[in-house]
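Asker: Return atomic coordinates for the entry below.
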Amino acid sequence: MRCEIGWDEITHDDQSIVTVGTFDGVHRGHQAIIDYLQQRAREQSGLSTLVSFDPHPRAVVHDDDVPLLTTVAERADALETLGLDRFVVVPFSTDFAQLGPEEYVEKVLVEGIGVREITVGYDHRFGKGRAGDVDLLRELGEKYGFEVDVIPPQEVDRDVVSSSTIRSLLLEEGDVQRARELLGRSYQIEGVVAKGEGRGRKLGYPTANLALEDARKLVPKRGVYATEVTLPNGRRRGGMLNIGRRPTFEEMEVTVEVHLLDYEGDLYGERLTVQFLQRLRDEQRFESADALATQLSEDEKHCRTVIETAA
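Answerer: Next up is the predicted model:
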């Protein structure tokens, strides 16, 4: 897959069969659009091309804090797995946001990226103030010589799949199982193992404290989760992960730490990928370290059962 990230890397290719959107999560609704895009590209011997944006447009236009389901690198990995030909990432800035709908289509899509045909969702909006809609896109297609295909909303179990829905599931409920159904894969985070306080080791549950590389990455609701962890060598281990402030020790900073089952070794400075399988319980305060250790033992049993079932 060709990755063209940033203006310096973006090239013009008029064989491109294009779809445009942030595509944060590359969820099952997105996947349906990509499947159709690839089908159209095959039929026309074109290049299936997805145009995404970074940062998230809402973060620039409305100064919203939009936690990302996927970093640009994770988006690229997911799209390559799906067999996409070309992934283009346009830097989204305040100046870019001022482009009118026709100027955006002419300068960015037609002259910049190249487009023979464009596939969009039914609610696609574009240009300054999101003034452009599907009807205008069709008019511009006639003017600039490209076709426009519109596909309806994509549903899973009669629910319309959206990135916003998945964010809510993860942030408000920690429902990583439902999120997995909508994503089509387990939600994941990546981080480098940093030095911690060593409290887990004293309790008999040494943990790897993860420092996330992108502060915009969404971290699910605080609590304890059963996970699968991919090590630097590609091997996988079950993991019991805690997101929280460790209230038993009256700490305030939110940390992400994972205990790897049946693993011994030094992981400081190594990058781990964690996939969420199931939420085990809420974060809670215990009266003593011994009470916490007893609960961790129960959590481990529950965690192992979840991992065995998922295998």
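Asker: From Val110, how far out is Ile10?
Answerer: As for Ile10, its distance to Val110 is 13 Å (criterion: CB to CB, to the nearest Å). Quick note: C-beta positions are derived from backbone N, CA and C, even for glycine.
Asker: ah, wrong one, I meant Val306
Answerer: For Val306, the distance to Val110 - CB to CB - is 50 Å.
Asker: now swap in Val66 and tell me
Answerer: In terms of CB to CB, Val66 sits 28 Å off from Val110.
Asker: Could you check how many residues crowd around the nearest residue to Ile189 once chain neighbours are set aside?
Answerer: Spatial nearest neighbour of Ile189, chain neighbours left out: Val274 (5.3 Å); criterion: CB to CB, 6 or more residues apart in numbering. Per other CB atoms under 10 Å, the neighbour tally for Val274 reads 22.
Asker: Over to the one 3 residues further on?
Answerer: Other residues within reach of Leu277, judged by other CB under 10 Å, total 23.
Asker: Quick check, it in contact with Tyr225.
Answerer: Yes - using CB atoms under 8 Å, Leu277 is in contact with Tyr225, at 7.2 Å.
Asker: which of the residues in the longest helix seen in the chain are buried?
Answerer: Looking across the chain with DSSP state H, the single longest helix is helix 289-310. The neighbour-count check on helix 289-310 (16 or more other CB atoms under 10 Å) flags 292, 296, 299-300, 302-303, 306-307 as buried.
Asker: How about stretch 45-61?
Answerer: Within stretch 45-61, the residues that count as buried by 16+ other CB under 10 Å are 46-54, 56-57, 59-60.
Asker: Check stretch 254-266 too.
Answerer: If you call a residue buried by 16+ other CB under 10 Å, then stretch 254-266 has these buried ones: 255-261.
Asker: Stretch 233-241 now?
Answerer: For stretch 233-241, burial by neighbour count (16+ other CB under 10 Å) applies to 237-241.
Asker: Mind listing the shared neighbours of Leu277 and Tyr225?
Answerer: Taking CB atoms under 8 Å, 6 or more residues apart in numbering as the contact rule, Leu277 and Tyr225 both touch Val176.
Asker: Helices along the stretch 101-250 of the chain, start to end?
Answerer: Assigned by DSSP state H, counting those that start in this stretch, the helices in the stretch 101-250 of the chain fall at 101-103, 134-144, 163-168, 176-183, 199-202.
Asker: Pick the most buried one from those helices.
Answerer: helix 176-183 (a mean of 20; mean count of other CB atoms under 10 Å).
Asker: what angle separates that helix from helix 289-310?
Answerer: 30 degrees (axes from the mean of the first three to the mean of the last three CA atoms, to 10 degrees).
Asker: Quick one: residues in contact with helix 176-183.
Answerer: In contact with helix 176-183 (CB under 8 Å, 6+ apart) are residues 25-29, 69, 156-157, 159, 161, 165-166, 169-170, 186-187, 220, 225, 276-279.
Asker: Same question for stretch 263-276.
Answerer: Defining contact as CB under 8 Å, 6+ apart, one finds that stretch 263-276 is touched by 176, 179-180, 186-195, 208, 210, 220, 225-232, 237, 239, 241, 258.
Asker: Please list the members of those residues that lie in strands.
Answerer: Residues of these located in strands (DSSP state E): 188-194, 208, 210, 225-230, 237, 239, 241, 258.
Asker: Output the lowest mean pLDDT helix or strand found in this structure.
Answerer: helix 199-202 (a mean of 58; mean pLDDT, DSSP states H and E).
Asker: Separate out the buried members of the contacts of helix 176-183.
Answerer: 25-29, 69, 156, 161, 165-166, 169-170, 186-187, 220, 225, 276-279.
Asker: Show me the domain layout of this structure.
Answerer: Here the domain parsing of the chain from automatic domain parsing is 2-160, 187-310.
Asker: ranking these by mean pLDDT, which is last?
Answerer: With a mean of 87, domain 187-310 has the lowest mean pLDDT of these.
Asker: Look at the closest residue in space to Ile10 that isn't next to it in sequence and tell me its secondary structure.
Answerer: Distances taken as CB to CB, 6+ apart put Glu4 closest to Ile10, at 4.8 Å, once the chain neighbours are dropped. Here Glu4 takes the strand state, with states given by DSSP: H, G, I helix; E, B strand; the rest coil.
Asker: How much space separates Glu4 from Glu80?
Answerer: 13 Å.
Asker: ok, the most centrally placed residue in the chain - contacts?
Answerer: For the chain, the residue nearest the mean C-alpha position is Thr70 (2.1 Å; CA atoms, centre = their mean). Contacts for Thr70 (CB under 8 Å, 6+ apart) come out as 24-26, 78.
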